[in-house]
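Trainee: The sequence and its predicted three-dimensional model are supplied below.
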Amino acid sequence: MRLLRLVKYLFLFVVALGLVLMAMANRDIVTLELIPAELAVWLGVDYTLDLPLFLVVLGGVVLGLMVGFVWEWIRETRHRTEARTQKRAAKQLEREVETLRGDQRKRDGGDDILALVDDSAARG
């Protein structure tokens, strides 16, 4: 277990080091145009941002991850709904079994040990 934790921390350290090195190597400022220049002229607005390149790259990665997570969550909605339905049905069946067991105990006088002995005697 300790070895697995060590490997996990080592992997996270290598990823963090790689991100820091990538950020240091890509500190140049770039202009990010949020709408095309022709459309900006036509609308009379200029939506541009000046950012370091590493922020643009990391922002794209984060945005892609977020879109992927949301897409997967939407895709799995059907499975979550089915699981919820099955869970409700299982709970209902468990309540019904408990009700039937309670009725059986009332009819047998409520002694579970005698009921078990009678079942084993009937089988054997």
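Mentor: Structure received. Small disclaimer: the values here were computed from a predicted structure and weren't measured.

Trainee: Ramachandran coordinates for residue 51?
Mentor: The phi/psi pair for residue 51 (degrees, to the nearest 10) reads phi -130, psi 160.

Trainee: Only the buried residues of the longest helix seen in the chain, if you could.
Mentor: The longest helix of the chain (DSSP state H) is helix 77-107. For helix 77-107, a neighbour-count test (16 or more other CB atoms under 10 Å) marks nothing as buried. Yep, even glycine has a C-beta here, placed from its N, CA and C like the rest.

Trainee: what about that helix, distance to the chain center?
Mentor: 26 Å (CA atoms, centre = their mean, to the nearest Å).

Trainee: Show me what that helix is packed against.
Mentor: On a contact count with 3 or more CB pairs under 8 Å, 6 or more residues apart in numbering; DSSP states H and E, helix 77-107 meets helix 112-123.

Trainee: Show the model's pLDDT score for the spatially most central residue of the chain.
Mentor: In the chain, the centroid-proximal residue (CA atoms, centre = their mean) is residue 73; its distance is 7.2 Å. If you check residue 73, the pLDDT there is 95.

Trainee: Check residue 89 too.
Mentor: At residue 89, pLDDT is 96.
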